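> no sequence for this one, just the structure:
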């Protein structure tokens, strides 16, 4: 039964990914004709996300959610543009991942600020949960990056970057502060709990890998990255 579910899930993900790429390819073509580089797209996407974070902090949840949803397009296009222009570089992958951390931190900081100062929805408990979410989100990214530096693939857990972005934009864009803000509270709690769960899973995965309890071949650290490795890094989100 689990094997059948896995095959169905894999086929569904492949179908969605293929459809998404088909939509993005024409847009990428226009971006390339305009002469906008992949790194420029990364920068634009991050700055736009910060604008969305400011909207969150000021209590404009639907506006922030819509901004982040639109920004996600630029976030996806940078890798496509880099590949189509044959400008996939080590620095581009590094720059992309680094600014992703800035964007993640800004969004949760905006929510933390909202719960700290908003006259109606201020809550010390939710402020603490939002701050815990910031730490958990950074742990998710750091655990994978540090594991890969040791040659261990630690891409496990449920709350990776694509899921975080979807969780931070879709409910807010649709519901804003509906139900007296309980939808937003649920989103922040889910994000914080699932981020910590993913971080702990990755830590345990590395522990088991280094003990040899699960197969995880370790490569030579600091080896020169291949072009395929750079492309994979550019596509993947921590």
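Here it is on my side, so go on. Model, not experiment: these values are computed from the prediction.

> Tell me who's in contact with residue 199.
Neighbour list for residue 199: 136, 139, 140, 143, 157 [criterion: Cβ atoms under 8 Å, 6 or more residues apart in numbering]. Quick note: C-beta positions are derived from backbone N, CA and C, even for glycine.

> Report the rounded mean pLDDT for the helix or strand containing residue 53.
Per DSSP states H and E: residue 53 is located in helix 38-57. If you average the pLDDT over helix 38-57, you get 92.

> could you say what helices and strands it packs with?
Helix 38-57 sits against helix 61-84, helix 90-117, with contacts defined as 3 or more Cβ pairs under 8 Å, 6 or more residues apart in numbering; DSSP states H and E.

> So which of the contacts of residue 199 belong to helices?
136, 139, 140, 143 (DSSP state H).

> residues near the residue nearest to the last one when sequence neighbours are not counted, how many?
Distance criterion Cβ to Cβ, 6 or more residues apart in numbering; nearest residue to residue 143, sequence neighbours excluded, is residue 202 at 4.0 Å. Residue 202 has 23 neighbours, counted by other Cβ atoms under 10 Å.

> Can you verify my assumption that residue 202 contacts residue 159?
No. Taking Cβ atoms under 8 Å as the definition, residue 202 is not a contact partner of residue 159, at 10.4 Å.

> overlap in contacts of these two?
Joint contacts of residue 202 and residue 159 (Cβ under 8 Å, 6+ apart) are residue 140.

> before we move on, back to that, among the helices and strands packed on helix 38-57, which is the most enclosed?
helix 61-84 (a mean of 21; mean count of other Cβ atoms under 10 Å).

> angle of that one against helix 90-117?
170 degrees (axes from the mean of the first three to the mean of the last three Cα atoms, to 10 degrees).

> Quick one: list the elements packing against helix 61-84.
The contact analysis (3+ Cβ pairs under 8 Å, 6+ apart) places helix 61-84 against helix 2-33, helix 38-57, helix 90-117, helix 161-175, helix 227-235.

> hmm, 7 Å instead?
helix 2-33, helix 38-57, helix 161-175, helix 227-235 (3 or more Cβ pairs under 7 Å, 6 or more residues apart in numbering; DSSP states H and E).

> Confidence-wise, which helix or strand of this protein is lowest on average?
helix 227-235 (a mean of 46; mean pLDDT, DSSP states H and E).

> remind me which residues of this structure are low pLDDT?
Judged by pLDDT under 70, the chain has its weakly predicted residues at 1-24, 213-238.

> Look up how far residue 70 lies from the residue positioned nearest the centre of the chain.
Nearest residue to the geometric centre of the chain (Cα atoms, centre = their mean): residue 161, 1.9 Å. Distance of residue 161 to residue 70, given as Cβ to Cβ, to the nearest Å: 17 Å.
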